[in-house]
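>>> Would you be able to build a 3D model of this:
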Amino acid sequence: MEKNKHHLTEDAFFKKYIQEIEVDKTTSRFTATIMDAILKEEQKTVLKPEPLISKKIWVVSVSFIATCLWFLFKGKSTSTYNFPALDTSSFSNIEFPNLFGSISISSTVMYTVITFSILALIQIAYLKNHFDKKFQ
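Predicted coordinates for the structure are as follows:
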């Protein structure tokens, strides 16, 4: 009951106070002024859309991949790339269990993994450079 009486007195006070306040008059150019301010803010924040990867980079990437595919599938039965032999004589004292002796990887899979690894590293370097420039 006490709370309700308190709210009624507050309501009466606020009604009387609001009636005493004069209403502000706006100018005839109020809307135009607001719209001009909004347009200025929009012009500041508009970003020019640009592709993340330029056409030049796409051409270089596609030509690199096409060259790699051409070398892989040009019809030679021998491999054009030979990996260097490793001298493992220093490891003769260490005995490893023969866990991976039966696993074989084809050269096509190995070339694919190497190619995609190189391309991923190029992409990481390019994106890092791009975002460094963007946020500085």
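>>> Remind me what the strand or helix carrying Thr115 packs against, helices and strands.
When elements are defined using DSSP states H and E, Thr115 is found to belong to helix 107-134. Helices and strands touching helix 107-134, by 3 or more Cβ pairs under 8 Å, 6 or more residues apart in numbering; DSSP states H and E, are helix 55-72. (Each C-beta comes from the backbone N, C-alpha and C, glycine too.)
>>> Give the rounded mean pLDDT of the helix it packs on.
Helix 55-72 comes out with an average pLDDT of 88.
>>> Touching it from outside, list them.
Residues outside helix 55-72 that contact it (Cβ atoms under 8 Å, 6 or more residues apart in numbering) are 80, 108, 111, 115, 119, 126.
>>> any idea how far Pro84 is from the third one?
Read that as Tyr111. Look at Tyr111 and Pro84: by Cβ to Cβ, to the nearest Å, they are 16 Å apart.
>>> which stretches of the chain have low pLDDT?
In the predicted model, the chain carries pLDDT under 70 at residues 1-3, 42-47, 75-83, 86, 88, 90-101.
>>> what about 90?
1-55, 67-107, 109-110, 125-136 (pLDDT under 90).
>>> how about the contacts of helix 55-72 in CSV, adding distance to Arg29 and neighbour count?
Output for these, formatted as CSV (distance: Cβ to Cβ, whole Å; neighbours: other Cβ atoms under 10 Å):
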residue, distance to Arg29, neighbour count
Thr80, 76, 8
Thr108, 73, 10
Tyr111, 70, 16
Thr115, 64, 15
Leu119, 58, 14
Tyr126, 50, 14
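>>> which one of those is nearest Ile18?
Nearest to Ile18, judged by Cβ to Cβ, of the contacts of helix 55-72 is Tyr126 at 62.2 Å.
>>> My read is that that closest one contacts Ala120, right?
No. Counting by Cβ atoms under 8 Å, Tyr126 sits too far from Ala120 to count as a contact (10.7 Å).
>>> which residue sits closest to Thr108, ignoring its sequence neighbours?
In this structure, Thr108 finds its nearest non-sequential neighbour in Leu72, 6.7 Å apart by Cβ to Cβ, 6 or more residues apart in numbering.
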